[in-house]
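Asks: make a model of this:
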Amino acid sequence: MKWNISGTLLLIILLVLAISSFLWLDQPETIGVQTDEVDMASLKADYYLENFETLAYDESGRVQYRLKGDTLLHYPANAASEIIAPVLTIHQPQRPSWTLQARAGWLAENDRSVRLNGEVQISRSALQDQPAVEITTSEVLVRTEERQLETDAETEIRSDGWVLRSTGLRSDMTDGTLSLLSNVRATYDHY
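Replies: Presented below is the predicted three-dimensional model:
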């Protein structure tokens with residue numbers, strides 16, 4: 001078999017085309033270039049507290065609420081804090097206080113709300129003719145300024161002689177009203 005220069009040149013061109021096609025097809029696809037750079041420093045906590053307690057006061061100087069917990073991590077980028085084992089106590093003049101406990105929580109600074117997650121226990125202390133009330137749920141959002149709480153999760157409410165279960169709850173802690181949202185079931189024990 002006789003090779004001439006044109007045959008060799010054609011073979012080299014075909015090899016170069018085959019190799020370049022293979023390399024071109026083997027490159028990963030780019031789906032778009034992200035122009036926003038992630039600032040890793042903003043994802044870090046700027047301070048950390050252990051066994052902390054903080055108080056918030058109303059305009060007249062009375063304690064509005066007390067928040068304590070095992071740990072608090074503050075994230076400046078979110079203007080929020082992550083809390084482990086939070087205990088939130090809401091105080092009101094001449095009204096029963098409310099205490100909320102959970103495994104974890106999230107304190108948002110911009111709207112002064114606290115989100116509690118994981119085995120949330122809520123108790124309203126007794127006052128004169130009002131018996132104590134115990135509420136359990138898996139998550140709850142507390143609006144501390146308005147003294148309101150809400151959840152869309154399964155909820156159980158217990159007091160002297162009765163139990164209420166529902167999906168979802170809204171409560172105004174100022175006047176003590178509870179609004180059950182759906183699937184309401186009640187048990188009443190009379191003596």
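
Asks: could you point out which element follows the lowest-mean-pLDDT helix or strand in the chain?
Replies: Ranked by mean pLDDT, DSSP states H and E, the weakest helix or strand in the chain is helix 5-25, scoring a mean of 68. Per DSSP states H and E, the first helix or strand lying C-terminal to helix 5-25 is strand 47-57.

Asks: run through who's touching that next one.
Replies: 63-74, 112, 144 (Cβ atoms under 8 Å, 6 or more residues apart in numbering). For the C-beta atoms, the positions are set from N, CA and C on the backbone; glycine is no exception.

Asks: rerun that using 10 Å as the cut-off
Replies: 63-76, 81-87, 89-91, 107, 112, 144-145 (Cβ atoms under 10 Å, 6 or more residues apart in numbering).

Asks: for the record, mean pLDDT for stretch 79-93?
Replies: Summarised as a single mean, pLDDT over stretch 79-93 is 89.

Asks: and stretch 87-94, how far from the chain's centre?
Replies: 22 Å (Cα atoms, centre = their mean, to the nearest Å).

Asks: buried sites along it?
Replies: 87, 88, 89, 90, 91, 92 (16 or more other Cβ atoms under 10 Å).

Asks: kindly check the end-to-end length of that stretch for me.
Replies: Taking Cα to Cα, to the nearest Å, stretch 87-94 runs 21 Å from one end to the other.

Asks: who does the strand or helix carrying residue 157 pair up with?
Replies: Residue 157 is part of strand 148-159, with elements assigned from DSSP H and E. Paired strands of strand 148-159, with direction, are strand 133-143 (antiparallel), strand 162-172 (antiparallel) (DSSP bridges).
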